[in-house]
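Structural data only, the sequence is not supplied:
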Ligand SMILES: N[C@H](CCC[C@H](N)C(=O)O)C(=O)O
């Protein structure tokens, strides 16, 4: 017997996920599916899987699973794409929606042109700066730990092109200092309130962008006196604008959300073999 699951591939500044509306296509084993479907040669190919669902506390819910199957508390780029999805697929006509996540309820403001959501501003809530890490010679830099619901380690360097991210990324992601592992950002100040950032994501490796990582980078820059409360974070796949609102203490993230294609997974239930028909 086969089961058809419709999905939509979307990305926020190049950070791409597979989106499934679980009110129509429930997913019983998301950890396993995230691993299987995220693979580039035998699956769909993505940074992970995002499940859109209902909630009794908000307009919608979001769960995010990294490419290694681990579930994260929050996904900044993913939340913007969820906002785009629910509006453009007719699940809501509201341009301000609430999203229930493991990191609390987030408020999304959709920027609409005609029928298209071109960008989304997400109130990411308050960051939690969880201390400095002085690597004492092991590495020639110090880092700032920032939680956006999920953990981030932000390190400012003079020349980001000198950072061997494929080597140092997994080392820091899995360092014993971080019992839940961590996302790893390296950043360089390239202008007034303008920061170039690259990321090694917990559970996904190098991605084109990281929304919560951009928030963490902006927070760390402000705390370290390297930028103001509003900064542009330039990542491999695109730029997001981060503002740390003084009055509320909340972080506002504004950035793009892009649909790539709709697809359908035909899952052979008996032998679990995946056939993808786009
Ligand atoms: N890898 C992250 C989850 C995805 C976050 C990122 N893609 C974003 O846009 O915030 C973690 O395990 O905490």
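Cool, got the structure. Since the structure is predicted, the reported quantities are computational estimates derived from the model, not experimental observations.

Briefly note if the one helix or strand residue 215 maps to comes near the ligand.
Assessed by DSSP states H and E, residue 215 sits inside helix 211-223. Yes. Using CB under 6 Å from any ligand atom, helix 211-223 comes into contact with the ligand via 211, 212. For glycine as for every other residue, the C-beta is placed from the backbone atoms N, C-alpha and C.

Get me the contact residues on this structure for the ligand.
Within the chain, the residues that sit near the ligand (CB under 6 Å from any ligand atom) are 15, 64, 66, 72, 75-78, 150, 183, 201-204, 210-212.

So which of the residues you listed sit within helices?
Among the residues of the chain next to the ligand, DSSP state H puts 76, 77, 78, 211, 212 in helices.

before we move on, the earlier item: quick check, distance from the helix holding residue 215 to the centre of its chain.
Distance of helix 211-223 from its chain centroid, counting by CA atoms, centre = their mean, to the nearest Å, is 13 Å.

What mean pLDDT does that helix get?
Across helix 211-223, pLDDT averages out at 98.

From the contact counts, what lies against the helix or strand just after it?
Proceeding N to C from helix 211-223, the next assigned helix or strand is strand 230-235, under DSSP H and E. Packed against strand 230-235 by the contact rule (3 or more CB pairs under 8 Å, 6 or more residues apart in numbering; DSSP states H and E) you find strand 194-201, helix 211-223, strand 238-244.

could you check the angle strand 230-235 makes with the second one?
Here the directions of helix 211-223 and strand 230-235 differ by 130 degrees (axes from the mean of the first three to the mean of the last three CA atoms, to 10 degrees).

Can you mark which positions in helix 211-223 are buried?
With burial defined by 16 or more other CB atoms under 10 Å, the residues of helix 211-223 counted as buried are 211-223.

Check the first one too.
By neighbour count, with 16+ other CB under 10 Å as the criterion, the buried positions of strand 194-201 are 195, 196, 197, 198, 199, 200, 201.

doesn't residue 8 fall inside a strand?
Yes. Assessed with DSSP: H, G, I helix; E, B strand; the rest coil, residue 8 lies in a strand.

Relative to residue 46, how far out is it?
Distance from residue 8 to residue 46, counting by CB to CB, to the nearest Å: 11 Å.

so what sits against both of these two?
Listed as contacting both residue 8 and residue 46 by CB atoms under 8 Å, 6 or more residues apart in numbering are residue 18.

which one of these two has more residues nearby?
A direct count of neighbours by other CB atoms under 10 Å for residue 8 and residue 46 places residue 46 higher, at 25 against 21.

Which strand or helix spans that one?
Counting by DSSP H and E, no helix or strand carries residue 46.

Phi and psi next, for the closest residue to residue 181 other than its chain neighbours.
For residue 181, ignoring the flanking residues on the chain, the nearest one in space by CB to CB, 6 or more residues apart in numbering is residue 202 at 4.8 Å. Per-residue torsions, residue 202: phi -50, psi 130 (degrees, to the nearest 10).

need the contact list for residue 135.
Shown in contact with residue 135 (CB under 8 Å, 6+ apart): 141, 142, 143.

Of the residues you listed - the most surrounded one?
Neighbour counts for the contacts of residue 135, by other CB under 10 Å, peak at residue 143, which reaches 23 neighbours.

elements contacting the helix or strand containing that residue?
Using DSSP H and E, residue 143 falls within strand 142-147. Judged by 3+ CB pairs under 8 Å, 6+ apart, strand 142-147 is in contact with strand 128-134, strand 151-156, helix 211-223.
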